[in-house]
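Novice: Quick one: sequence plus predicted model below, questions after.
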Amino acid sequence: MIYPMSVMSDVRNALNGAIRLACLDRGGFDCFDRSETGFWKSFRAAALLYPVFLAMVLRAGWLAETEDYIRPLVIQSGTYVLTWLVFPVVMAPICDLLGRRERYIGFIVAYNWSQIPQYGFSLILLGLGTGIDSAIGTIPIFLYEGFIASVALDIGWMRAAMIVLVDYILGTGIDILAGQLL
């Protein structure tokens with residue numbers, strides 16, 4: 001499929017911002033469209049990453065454990081969608097509690113687009129035969145997400161660490177639920 005130039009420009013700007021944030025450059029946050037439209041556009045990252053997610057599912061062997069490939073594929077795909085939806089929903093009241101409601105949209109935009117470099121990093125680890133759940137994989141990702149929360153929400157590191165913890169707990173809970181359904 002050929003995408004309009006405006007879509008490619010939006011993705012390029014967002015990736016530039018995500019990579020700059022990964023390099024701990026606070027100016028990367030300014031690369032994102034932090035409007036309501038930009039909020040919805042940031043979920044394009046989920047669509048772009050879905051094939052990568054499927055490759056990771058296949059690589060992990062989750063589908064090889066059964067002769068029925070459809071059910072695990074549907075469950076894993078549902079997990080993928082749920083993961084993309086639950087965190088933004090949970091973060092809205094948390095941003096209210098932190099007194100950062102006006103920064104919520106910008107945070108979710110940066111968070112969503114930051115998933116692309118995170119997936120890239122995870123793919124590198126998989127290629128090296130290192131588990132994504134190892135300290136080598138989780139610590140840099142936690143630090144990256146903490147930096148994004150700190151910059152986007154203009155909060156200190158302790159509060160940013162709590163947001164990373166919320167994200168981790170939600171993701172782990174969704175993974176456990178998926179595991180029980182498989």
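Specialist: Looks like it came in fine.

Novice: for the protein, what's the longest helix?
Specialist: helix 70-97 (DSSP state H).

Novice: Show me which positions of that helix end up buried.
Specialist: 72, 75-76, 79-80, 83-84, 87-88, 91, 94-95 (16 or more other C-beta atoms under 10 Å). (C-beta placed from N, C-alpha, C; glycine too.)

Novice: Output the contacting helices and strands for the very next helix or strand once past it.
Specialist: Next helix or strand after helix 70-97 toward the C-terminus (DSSP states H and E): helix 104-127. Contact partners of helix 104-127 among helices and strands, from 3 or more C-beta pairs under 8 Å, 6 or more residues apart in numbering; DSSP states H and E: helix 5-22, helix 36-41, helix 44-60, helix 70-97, helix 135-153.

Novice: Is it possible to get TSV of the ones you listed that adds mean pLDDT?
Specialist: Listed next are the helices and strands packed on helix 104-127 as TSV, based on pLDDT from 0 to 100:
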stretch	mean pLDDT
helix 5-22	89
helix 36-41	96
helix 44-60	85
helix 70-97	92
helix 135-153	90
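
Novice: TSV please, covering those helices and showing distance to Ile163.
Specialist: Below are these laid out as TSV (distance: least, C-beta to C-beta, whole Å):
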stretch	distance to Ile163
helix 5-22	15
helix 36-41	17
helix 44-60	18
helix 70-97	7
helix 135-153	4
